[in-house]
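1. task: produce atomic coordinates for the following.
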Amino acid sequence: MRKKRRMLLFVFLILMGILGMYQSAKAATPYEANGRLSVSKGKVVNAKGEAFVIKGVSTHGLSWYPEYVNKQAFQTLRDNWGVNTIRLAMYTAEYGGYCTGGSQENLKKLIDQGVSYATDLGMYVIIDWHILSDGNPLTYQAQANRFFQETAKKYAGYGNVMYEICNEPNGSGGSWKNIKSYAGTVIPAIRGVNSNAIIIVGTPTWSQDVDKALADPITGYGNIAYAFHFYAATHKSDMRNKLENAVKKGLPVVVTEFGISEASGNGTVDTAEGNRWITLLNQYGIGRVCWNLSNKNETCALLKSSCKTTGGWTASDLTASGSWLIQAYTGKALTGNTPSGGSTSGSGTTGSTSGSSTTGSTSGSGSSTSEKKVVKVSPKKVAVWKSGGKYYSQYKLVLKNKGAGTVNNWKIIVKLKQSYVVSDKWCGRMKRVDKTLTIRPYEWNRVISPNGTTEIGFIVRSSRPQRITTVLAKGV
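-> Below you'll find the model as predicted:
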């Protein structure tokens, strides 16, 4: 009897040991395994001083796609996609932006939720001050100082939180001189309450000119890295050479935004170039964060527009970009139905969603009713907001083939009431002459099938609220 009891006890101890090993392995979240990250000798390293590679996914604008900030979504990314970092993208100047009429309390609440979910799951999180149309980071410098001081104080005890202080400086105001001036006040605002968190600083030309930061880096602070962005179908060997040169010379760089679409966020996907980029990033251990977690109808979105779930996705929910990303991060495809590949159409990284790439036929005006006038365009003002003393008006144009034939090319002529400057555009090549804007397609959305549609979007800046006076569509 004693021998039997000893045997049962021995078996029990073995089983408990196996269970303990299982639970220990299961508990090894990214943060538990690596601890607080820092920057050392041009690299992001873990708490042991070992090189750490950020593999992240960025939300789309928090105002526009808040539903993806949920624990199931983040856990799916961690467990099935190989993701260790979530980037919370908070637009500053677009519609619903933090500095242009968006609910600051709701946006901060979404950030709180995102940080909480990521922390519970042992993931890292980047809080992104997502400047875009406001190009010059000095435009909302005072608001940025207050936001980051408050936010850094709130998360001072969180070892998994990082700060990206200016997403994509651009235009003449997005010079390295202005970025350094901006960083010279925002970095101290963070460091005054949080001395350890990694701070990522954007670089000129939509965070592409890391060579400018290399030539004149920010000094006097530790744990500083620099942002670099690329979209593989547009940015190729010359951009890789620029990044490689900066990293080889010791500049700490994190690719806080990338995709395999064109720079607009649309057009074709280029997996071959995407693979070349991943090879380079892996070679130098450069962290990377993919844009974007949403079902927006655009090439760079990771989920199909038909996907209605906000977590637990299967292969059939993924776009070509989503399928490729999982392969790039994990080395294997997600099990289930193979997602469709190729290009899709949609808007860029701002504004409203868009329609699909189609095929089409003859000509007509915007309000056509005759058989010959089969192309109809429906304009919609999506939003108007004021920033820096100027008004920004965002429009969406839906172009529909009402005929029985195929439209093989098209043109839209739009006349607006006030003088203006085109601040942003997507899904169309645009030329302005005085108050008239002529819009032509890209190759991927040139053709419209019978009863098919495509969408175009743009934002104009003017001294007064804007309105369209005339819109005309022509198809051939």
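2. so how far is stretch 465-472 from its chain's centroid?
-> Per Cα atoms, centre = their mean, to the nearest Å, the displacement of stretch 465-472 from the mean C-alpha position of its chain is 30 Å.
3. and for stretch 306-323?
-> Here the centre of stretch 306-323 is set off from its chain's centre by 17 Å, with Cα atoms, centre = their mean.
4. what comes up buried for that stretch?
-> C307, T310, W313, D317, L318, T319, A320, S321, G322, S323 (16 or more other Cβ atoms under 10 Å). Bear in mind the C-beta positions are built from the backbone N, C-alpha and C, glycine included.
5. could you list the low-pLDDT ranges of this structure?
-> In the prediction, the chain carries residues with pLDDT under 70 at positions 1-27, 336-373, 443-444, 476.
6. all helices of the stretch 51-200 of the chain, in order?
-> When assigned using DSSP state H, counting those that start in this stretch, the helices of the stretch 51-200 of the chain occupy the ranges 71-81, 104-120, 141-154, 176-191.
7. could you do the stretch 301-450 of the chain as well?
-> Using DSSP H, counting those that start in this stretch, the helices of the stretch 301-450 of the chain run over residues 320-330.
8. wait, what's in contact with A213?
-> Residues in contact with A213, defined by Cβ atoms under 8 Å, 6 or more residues apart in numbering, are W176, V201, T203, Y226, A246, L251.
9. between these, which is nearest Y392?
-> Distances from the contacts of A213 to Y392 were compared by Cβ to Cβ; the smallest belongs to T203, at 24.6 Å.
10. Y65 contacts T59, correct?
-> Yes. Contact between Y65 and T59 holds when scored by Cβ atoms under 8 Å: they sit 6.5 Å apart.
11. which residues do those two both contact?
-> Both Y65 and T59 are contacted by L293, S294, under the criterion Cβ under 8 Å, 6+ apart.
12. which of these two has more neighbours?
-> Shown here are Y65 and T59; by other Cβ atoms under 10 Å, T59 has more neighbours (24 against 18).
13. in the sheet, who's paired with that one?
-> For T59, the beta-bridge partners are L293 (DSSP bridges).
14. wait, it sits on L77?
-> No. Shown here, T59 and L77 do not form a contact pair, counting by Cβ under 8 Å, at 10.7 Å.
15. which residues in the stretch 151-300 of the chain form strands?
-> 161-164, 199-201, 224-231, 253-259, 287-293 (DSSP state E, counting those that start in this stretch).
16. correction: the previous question concerned the stretch 1-150 of the chain.
-> 38-40, 43-45, 55-59, 85-91, 124-130.
17. quick one: strands adjacent to the last one?
-> Within its sheet, strand 124-130 is paired with strand 85-91 (parallel), strand 161-164 (parallel), according to DSSP bridges.
18. quick one, domains of the chain?
-> Using automatic domain parsing, the domain ranges for the chain come out as 30-330, 375-475.
19. so which of those domains is the most packed in?
-> Neighbour counts (mean count of other Cβ atoms under 10 Å) averaged over each of the domains of the chain peak at domain 30-330, with a mean of 20.
20. next, the distance between the ends of that domain.
-> According to Cα to Cα, to the nearest Å, domain 30-330 extends 14 Å from its N-terminal end residue to its C-terminal end residue.
21. how far is it from where the chain is centred?
-> Centre-to-centre, domain 30-330 and its host chain are 8 Å apart (Cα atoms, centre = their mean).
22. tabulate the helices of the stretch 51-200 of the chain (a markdown table), appending distance to T279.
-> Conversion of those to a markdown table gives the following (distance: least, Cβ to Cβ, whole Å):
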| stretch | distance to T279 |
| --- | --- |
| helix 71-81 | 20 |
| helix 104-120 | 28 |
| helix 141-154 | 35 |
| helix 176-191 | 29 |
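23. between these, which one is closest to Q394.
-> Set against Q394 and scored by Cβ to Cβ, the helices of the stretch 51-200 of the chain come closest in helix 104-120, at 18.7 Å.
24. what packs against that closest one?
-> With contacts taken as 3 or more Cβ pairs under 8 Å, 6 or more residues apart in numbering; DSSP states H and E, helix 104-120 sits against helix 71-81, strand 85-91, strand 124-130, helix 141-154.
25. tell me the spacing between the nearest residue to V161 once chain neighbours are set aside and A142.
-> Of all residues beyond its chain neighbours, the one nearest V161 is Y155 (4.5 Å), with distances taken as Cβ to Cβ, 6 or more residues apart in numbering. Distance from Y155 to A142, counting by Cβ to Cβ, to the nearest Å: 21 Å.
26. likewise for I326?
-> With distances defined as Cβ to Cβ, the gap from I326 to A142 amounts to 41 Å.
27. center of this structure, which residue is that?
-> Among the residues of the chain, the smallest C-alpha distance to the mean C-alpha position (Cα atoms, centre = their mean) belongs to W291, namely 3.4 Å.
28. residues touching it, list them.
-> With contacts defined as Cβ under 8 Å, 6+ apart, W291 is in contact with S58, H60, E257, F258, G259, G265, C300, T349.
29. ok, 6 Å please
-> Contacts here follow Cβ atoms under 6 Å, 6 or more residues apart in numbering; on that basis W291 touches S58, E257, G259, C300.
30. can I get the residues you listed in TSV including distance to Y442?
-> Compiled in TSV, those are given as follows (distance: Cβ to Cβ, whole Å):
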residue	distance to Y442
S58	24
E257	21
G259	16
C300	15
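31. ok so, going back, S462: which of the helices of the stretch 51-200 of the chain is closest?
-> helix 141-154 (23.1 Å).
32. returning to that earlier point: would TSV of the strands of the stretch 1-150 of the chain with distance to D209 be doable?
-> Output for those, formatted as TSV (distance: least, Cβ to Cβ, whole Å):
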stretch	distance to D209
strand 38-40	20
strand 43-45	20
strand 55-59	20
strand 85-91	21
strand 124-130	18
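33. before we move on, back to that, nearest to V471 among the helices of the stretch 51-200 of the chain would be which one?
-> Comparing the helices of the stretch 51-200 of the chain under Cβ to Cβ, the one sitting nearest is helix 104-120, at 33.7 Å.
34. list the contacts of the closest one.
-> The contact list for helix 104-120, computed with Cβ under 6 Å, 6+ apart, reads L62, P66, V69, K71, F74, I86, L88, M90, Y98, V125, N160.
35. what's the distance between the closest residue to the second one other than its chain neighbours and T299?
-> Pointing back at P66 there. Sequence neighbours aside, L110 is the residue nearest to P66 in space, at 5.5 Å (criterion: Cβ to Cβ, 6+ apart). Relative to T299, L110 is positioned 25 Å away (Cβ to Cβ).
36. ok, L132 next?
-> Counting by Cβ to Cβ, the gap from L132 to T299 is 18 Å.
37. one more: A144?
-> Using Cβ to Cβ, one obtains 31 Å as the distance from A144 to T299.
38. same question for Y158.
-> For Y158, the distance to T299 (Cβ to Cβ) stands at 34 Å.
39. what of H229?
-> Going from H229 to T299 by Cβ to Cβ gives 16 Å.
40. just T151 next, same as before
-> T151 is 32 Å from T299, where distance means Cβ to Cβ.
41. same check, this time on F147
-> Using Cβ to Cβ, which is the criterion applied here, F147 is 31 Å from T299.
42. ok, I260 next?
-> Computed as Cβ to Cβ, the I260 to T299 distance reads 8 Å.
43. one more: K71?
-> In this structure, K71 and T299 are separated by 28 Å, where distance is defined by Cβ to Cβ.
44. what does G285 give?
-> For G285, the distance to T299 under the criterion Cβ to Cβ works out to 28 Å.
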